[in-house]
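**Student:** missing the sequence, but the structure's below:
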C-alpha cells in the first residue's frame, strides 16, 4: 500500500465503495464522498494513511472507540455506519453531511457574532455531554471537526479516530499538530486525560469563534506547549472589543489549568456563555438554537434481526394509568397529597390495541419500507428500560428511584384532559386516545421520581411494540403535525385548587424522532416529551426537572442503543 496524491483515487474502488469526490485531506488520511454498492447509499469514507493503518495498537484502539461512538445517537454527532480494513488500510464509513466546516467559515468571515458563536458551541456541547456520559472522550475538538449544515445545525465529527490517537502517537508523528492549539495542559503530562480535556478545547473553540484568532498566537510547538501550561488565559474582550467582557470569565474557567476548576460539563460552559450575552443577544442565540433544531437529522436506521427465540410475554397488568410525569409535577406544585393519579383498582381492559383492519395495515405499510415480522417482542420490553443509576446521571441529579411500571395505556379521566384535547398526546405519553387504532400490540411504561423533592424530578420511560416497523414509524409521523401545531400554545389542565397552565415550546426533530418541551407556569420545571421509532418499537419518554434541555432525547437515544442490532 502506498500514499497517493490528493484526488488521485477518485473514480476507483475501495472494497464495496466507489470513490466519487475528495472531501478533505489531513495528517491522518483522506475523506471521500463514496457510494456504498452493497447498501446502496452515499457516505463519507475516511481512509486512514499508511502510517496510521500500519500501527496495530492504533487499529485496536480505533475499533474499540469507533464501536462505542457508533452507538451514540445524539443528533449533533455524525453517525458511524461501519469501520474496518480493506487490504490493510483502515477506513471509517460515516453519514455524509453537506455543509462547511467551522474552520473554513472562520477563515472566510472572521469572528462570528456572539449569538451565533454561542448557538454553535451549545450544539457541540450537547454532542460532548452525550459522548462523555457514554465514556467517550473526543480529544480533538477544533473548528475543522465541526461541520455546519443547513440552518447552522452543527455536527461534531471524528469520534473514534481522535480518541484512538493517543497523545504519544500525536507527538511521534506530528499528524495532529494543528490540534495543539486546543490541547489542555494535562495532555502534555503522563497522566491519562479525563473528559475535561474536551471542555478545555471547547473553551478554546469558543474563544476562536468570538475573536477569529486562537487563544495562543504562536506557530512554535514548544511555545504552544509552554503557553497552555503556564501563560495566563487570554481575554476575548481584549482581543476583540465587540465581545462582551462577561465572556472573559467564561473562557478563564473553561481554560483553567487545573481540570477540576473547569466547568463540570460542556453544557455548563454553554449555559455560562449564553448568560454572558446581553439580554437581546440571549434571545437571538436562543432563537438560533431553536431554528437549528428544525434541521436535526433522523436517527440512524437500525437493521436488527428477530431473535431465534424469546420467552412468552408476561401477563399484562390491569392498571388505569395517568402516566406520572405531569401528574407528579402537578401534585408537588399544587401541594396536594396525591402525587400520581393512578386507579390501581381498575380492572377494565383498554380497547384492543391489535384491531387494525387489513385496509389500515396496507395503508400503514405503504408509508415506508415494508417489514415482514416484529423484531422486538413483548418479553424484551423490560430490557430496553434504562437502570435508575443511568437515569440519575443523564438528568444530572441523585435520588431518583423507580416507583412502578405498567403494561397498558391510560384511559380518559379527569386528570388527563386539556383545554385543547388535540395537544393531549404531545403533553402526556401512553394515552389510549393517542395510541388507539395505531396497531400497537404491547407496551411497558415505568415511572421514576425523586421522593419529597421540590421542585419535582420525574421521568417516564417506556416502549410500545407495533406489529411492524412500518407501523411504528407511521405512528410517529402521524403525531408530528399534531405536536407541531401545539408549539407555542398554552393549555390548561384541571387541578384541585386551580387549573394548571402548560406552555409548549417548538417541536424539534423530524420523524421518526421528535421532541417537544413544555413548561408549567410559575415553576422552574421543564419537561421534554420524546417519541422515537426504532425497529418495530416506539420509545415514549417524558423527562421533567429543573433545567431540562435535551435529557429526554438522551434517554430515548440510550434506550434505542439497547435494541438488538
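**Tutor:** Alright, I've got the coordinates. Here the structure is a predicted model, which means the values were calculated and not measured. Numbering: from 1, shown residues only.
**Student:** go ahead and confirm residue 420 touches residue 486.
**Tutor:** Yes: in this structure residue 420 lies within contact range of residue 486 using CB atoms under 8 Å: 7.4 Å. (C-beta placed from N, C-alpha, C; glycine too.)
**Student:** these two: which has the busier surroundings?
**Tutor:** Higher neighbour count among residue 420 and residue 486: residue 486, with 25 against 15, using other CB atoms under 10 Å.
**Student:** which residues touch that one?
**Tutor:** Residues near residue 486 by CB atoms under 8 Å, 6 or more residues apart in numbering: 420, 422-423, 426-427, 504, 507, 516.
**Student:** residue 186 - how many residues pack around it?
**Tutor:** Counted with other CB under 10 Å, the neighbours of residue 186 add up to 20.
**Student:** select the longest helix from the chain.
**Tutor:** The longest helix of the chain (DSSP state H) is helix 114-133.
**Student:** adjacent strands (with direction) for whichever helix or strand comes after that helix?
**Tutor:** Sequence-wise, the next helix or strand downstream of helix 114-133 (DSSP states H and E) is strand 146-148. When pairs are called by DSSP bridges, strand 146-148 turns out to pair with strand 100-101 (antiparallel), strand 154-156 (antiparallel).
**Student:** contacting residues around the shortest one?
**Tutor:** It stands for strand 100-101. Contacts with strand 100-101, where a contact means CB under 8 Å, 6+ apart, come from 24, 143-148.
**Student:** picking that back up, which ones among the contacts of residue 486 map onto helices?
**Tutor:** In helices, defined here by DSSP H, the members of the contacts of residue 486 are 426-427.
**Student:** ok, the contacts of residue 486 vs residue 447, which is closest?
**Tutor:** Each of the contacts of residue 486 was scored against residue 447 by CB to CB, and residue 427 proved nearest at 15.7 Å.
**Student:** quick one, what contacts the closest one?
**Tutor:** So residue 427 contacts 326, 418, 486, 491, 493, 502, 504, 518, 529 (CB under 8 Å, 6+ apart).
**Student:** which among those gets closest to residue 443?
**Tutor:** If you rank the contacts of residue 427 by distance to residue 443 using CB to CB, residue 529 comes first, at 15.9 Å.
**Student:** which strand or helix spans the closest one?
**Tutor:** Using DSSP H and E, residue 529 falls within strand 525-534.
**Student:** residues of that strand that come out buried?
**Tutor:** Using 16 or more other CB atoms under 10 Å as the test for burial, strand 525-534 gives 525-534.
**Student:** which of those lies closest to residue 207?
**Tutor:** The closest of these, once distances to residue 207 are taken by CB to CB, is residue 526, at 29.7 Å.
**Student:** test my guess that that closest one contacts residue 504.
**Tutor:** No: contact criterion CB under 8 Å: residue 526 and residue 504 do not qualify, at 11.3 Å.
**Student:** do you know the pLDDT at residue 383?
**Tutor:** We have a pLDDT of 89 for residue 383.
**Student:** number of nearby residues for residue 495?
**Tutor:** By the measure other CB under 10 Å, the count of residues near residue 495 is 16.
**Student:** against residue 426, how distant is it?
**Tutor:** Remark: distance between residue 495 and residue 426 (CB to CB, to the nearest Å) = 19 Å.
**Student:** just residue 515 next, same as before
**Tutor:** For residue 515 relative to residue 426 (CB to CB), the value is 10 Å.
**Student:** identify the contacts common to the two.
**Tutor:** By CB under 8 Å, 6+ apart, the residues touching both residue 515 and residue 426 are residue 529.
**Student:** mind checking which helix or strand residue 93 is in?
**Tutor:** strand 89-95.
**Student:** direction included, what does that strand pair against?
**Tutor:** strand 41-48 (antiparallel), strand 80-86 (antiparallel).
**Student:** thinking again about what came up before, what is in contact with residue 526 and residue 504 at once?
**Tutor:** Shared contacts of residue 526 and residue 504, defined by CB under 8 Å, 6+ apart, comprise 517-518.
**Student:** three-state assignment of the residue nearest the centre of the chain?
**Tutor:** The chain has residue 74 as the residue nearest its centroid, 2.3 Å off, counting by CA atoms, centre = their mean. Classification of residue 74 using DSSP: H, G, I helix; E, B strand; the rest coil returns coil.
**Student:** which residues are in contact with the nearest residue to it once chain neighbours are set aside?
**Tutor:** Among residues not flanking residue 74 along the chain, residue 130 sits closest, at 3.6 Å (CB to CB, 6 or more residues apart in numbering). Listed by CB under 8 Å, 6+ apart, the contact set of residue 130 reads 72, 74, 76-77, 554, 557.
**Student:** cool, and residue 142?
**Tutor:** If you count contacts by CB under 8 Å, 6+ apart, residue 142 has them with 103, 178-179, 181-182, 201, 205.
**Student:** any of those buried? List them.
**Tutor:** 179, 181-182, 201, 205.
**Student:** CSV please, covering those and showing pLDDT and distance to residue 278.
**Tutor:** Compiled in CSV, these are given as follows (pLDDT from 0 to 100; distance: CB to CB, whole Å):
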residue, pLDDT, distance to residue 278
179, 81, 33
181, 93, 29
182, 95, 27
201, 97, 26
205, 98, 22
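**Student:** which one of the residues you listed is nearest residue 109?
**Tutor:** residue 205 (15.5 Å).
**Student:** thought the closest one was touching residue 123?
**Tutor:** No: with contacts counted by CB under 8 Å, residue 205 stays clear of residue 123, the gap being 11.6 Å.
**Student:** so residue 443: helix, strand or coil?
**Tutor:** Per three-state DSSP, the secondary structure class of residue 443 is strand.
**Student:** could you measure from residue 440 over to residue 424?
**Tutor:** 17 Å.
**Student:** with residue 408 instead?
**Tutor:** Applying CB to CB to residue 408 and residue 424 gives a distance of 17 Å.
**Student:** swap in residue 526?
**Tutor:** Distance of residue 526 to residue 424, given as CB to CB: 19 Å.
**Student:** kindly report the same for residue 75.
**Tutor:** Residue 75 is 26 Å from residue 424, where distance means CB to CB.
**Student:** for those two, indicate the residue with more neighbours.
**Tutor:** Under the criterion of other CB under 10 Å, the comparison of residue 75 against residue 424 puts residue 75 first, with 26 against 20.
**Student:** closest one of the contacts of residue 142 to residue 66?
**Tutor:** Residue 66 lies nearest to residue 179 out of the contacts of residue 142, by CB to CB, at 18.6 Å.
**Student:** so residue 193 sits right up against residue 183, yeah?
**Tutor:** No: assessed by CB under 8 Å, residue 193 is found out of contact with residue 183, at 9.4 Å.
**Student:** between the two, which one's more packed in?
**Tutor:** Higher neighbour count among residue 193 and residue 183: residue 183, with 24 against 18, using other CB under 10 Å.
**Student:** quick one: the more buried one from residue 229, how far?
**Tutor:** Distance, residue 183 to residue 229, by CB to CB: 10 Å.
**Student:** go on, residue 194?
**Tutor:** 17 Å.
**Student:** repeat that for residue 515.
**Tutor:** Distance check for residue 515 against residue 229: by CB to CB, it reads 42 Å.
**Student:** ok, the two, which is more surrounded?
**Tutor:** Just comparing residue 515 and residue 229: by other CB under 10 Å the higher neighbour count belongs to residue 515, 23 against 13.
**Student:** contacts only, for that one.
**Tutor:** Neighbour list for residue 515: 507-509, 528-531, 550, 552-553 [criterion: CB under 8 Å, 6+ apart].
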